[in-house]
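**Student:** This is the structure alone, sequence omitted:
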Ligand SMILES: NC(=O)C1=CN([C@@H]2O[C@H](COP(=O)(O)OP(=O)(O)OC[C@H]3O[C@@H](n4cnc5c(N)ncnc54)[C@H](O)[C@@H]3O)[C@@H](O)[C@H]2O)C=CC1
Ligand SMILES: O=C([O-])CC(=O)C(=O)O
């Protein structure tokens, strides 16, 4: 029996739960929200698609009843407010730090062995907060951002190349912020061919820039932040863990000297499996990439400092 809980049944949480159910990633998916009846309603709505879509996962909704989340293998935290056009993710810290901290503590009471996937923004800082306040081993606290950013990178590359996005490889490391993301253009390929051989330097720079502000662009169009790709990216990370897939996915994880950094959570490639983070992969970066990474880490650390100001740490 495998069980996943998704906390926050809003745009991202409900989409994530829906993808988990549709793909039969777990036997049971529990959605929990503070809004009376919303999780229950969305769970019932999803269960009424089971016959149409042909899945056997059971989706359960509850209003703030953590007993129903008991013994989850993986818990996804999406609770908190999203940004509005013109805002940065970092501006959400004041409201979201308190929400994420209390949710993480409640979760652990009922699922002491769960692996926790943090999605709420500012995600790297919320991952750091969860790790520090729960005191769990670092392999069990994973921030989701790189899976989404890499998917957007591959989308923009495929648009520039005029090819199928499934045939493009690429990774985004660094912080999950408009200015902290590092799309690794040097390592991106189309069917094994470096994209730098197929696109001009200017075009490639355009793709990198579009990827970095991918979330902001959608927020401007939608009036709130995106949810289809974020929810699917959350489900992708959960599936990699629950099905012990051993996939390499950039995730926000606690560094202790890797990439020359320590005491922060930031996006780097990791191998995901049944223990959560099975291994941190250390890429050989160029001097320029190393400099970008150091700058990104400094910015993430600065946001982490605000956790003390808002009384969360
Ligand atoms: N890491 C990433 O790649 C991404 C992160 N996000 C972030 O995910 C978060 C959620 O975004 P959306 O789903 O669009 O927002 P939303 O507003 O649609 O949903 C958030 C839900 O959290 C619930 N909630 C608030 N406090 C709660 C608590 N204490 N316990 C349980 N539930 C609680 C709300 O009632 C609401 O239903 C935001 O912080 C957003 O910035 C969004 C997209 C991508
Ligand atoms: O842009 C936002 O605020 C939400 C998010 O993290 C994303 O879609 O990448």
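**Tutor:** Perfect, I can see it now. What you see is a predicted model, and the numbers here were worked out from it, not measured in a lab. Ligands and ions are numbered 1, 2, ... in the order given.
**Student:** Tell me where the stretch 1-150 of the chain has helices.
**Tutor:** With DSSP state H, counting those that start in this stretch, the ranges of helices along the stretch 1-150 of the chain come out as 11-22, 38-47, 50-53, 93-110, 123-134, 146-161.
**Student:** Kindly reformat those as a markdown table containing mean pLDDT.
**Tutor:** What follows is those, written out as a markdown table (pLDDT from 0 to 100):
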| stretch | mean pLDDT |
| --- | --- |
| helix 11-22 | 99 |
| helix 38-47 | 99 |
| helix 50-53 | 98 |
| helix 93-110 | 98 |
| helix 123-134 | 98 |
| helix 146-161 | 98 |
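**Student:** could those helices be laid out in a markdown table, adding distance to ligand 2 and mean neighbour count?
**Tutor:** The C-beta positions use only the backbone N, C-alpha and C, and glycine is treated the same way. What follows is these, written out as a markdown table (distance: least, Cβ to the nearest ligand atom, whole Å; neighbours: other Cβ atoms under 10 Å):
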| stretch | distance to ligand 2 | mean neighbour count |
| --- | --- | --- |
| helix 11-22 | 8 | 25 |
| helix 38-47 | 20 | 18 |
| helix 50-53 | 25 | 10 |
| helix 93-110 | 11 | 19 |
| helix 123-134 | 7 | 26 |
| helix 146-161 | 6 | 23 |
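**Student:** Make JSON lines out of those and add distance to residue 87.
**Tutor:** Below are those laid out as JSON lines (distance: least, Cβ to Cβ, whole Å):
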{"stretch": "helix 11-22", "distance to residue 87": "16"}
{"stretch": "helix 38-47", "distance to residue 87": "24"}
{"stretch": "helix 50-53", "distance to residue 87": "35"}
{"stretch": "helix 93-110", "distance to residue 87": "11"}
{"stretch": "helix 123-134", "distance to residue 87": "15"}
{"stretch": "helix 146-161", "distance to residue 87": "18"}
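**Student:** These: which one's closest to residue 185?
**Tutor:** Nearest to residue 185 among the helices of the stretch 1-150 of the chain is helix 146-161 (8.6 Å), distances taken as Cβ to Cβ.
**Student:** just how off-centre is the closest one within its chain?
**Tutor:** Average the C-alpha atoms of helix 146-161, do the same for its chain, and the two points are 15 Å apart (Cα atoms, centre = their mean, to the nearest Å).
**Student:** what helices or strands is the longest strand anywhere in the chain leaning on?
**Tutor:** In terms of residue count, the longest strand belonging to the chain (DSSP state E) is strand 262-273. In terms of contact count using 3 or more Cβ pairs under 8 Å, 6 or more residues apart in numbering; DSSP states H and E, strand 262-273 is assigned the packing partners helix 123-134, strand 141-143, helix 146-161, strand 172-174, helix 228-242, strand 247-256, strand 276-280, helix 287-309.
**Student:** Count the neighbours of whichever residue of the chain sits closest to ligand 1 for me.
**Tutor:** Taking Cβ to the nearest ligand atom, ligand 1 has its nearest neighbour within the chain at residue 10, 1.7 Å off. For residue 10, the number of neighbouring residues by other Cβ atoms under 10 Å comes to 21.
**Student:** That one touches residue 78, doesn't it?
**Tutor:** Yes: in terms of Cβ atoms under 8 Å, residue 10 counts as a neighbour of residue 78; the distance is 6.7 Å.
**Student:** so what's the one residue in the stretch 51-200 of the chain that gets nearest to ligand 2 up against?
**Tutor:** When Cβ to the nearest ligand atom is the measure, the stretch 51-200 of the chain has its nearest residue to ligand 2 at residue 83, with 4.3 Å between them. Contacts here follow Cβ atoms under 8 Å, 6 or more residues apart in numbering; on that basis residue 83 touches 89, 91-92, 121, 219, 224-225.
**Student:** ditto for residue 290
**Tutor:** residue 260.
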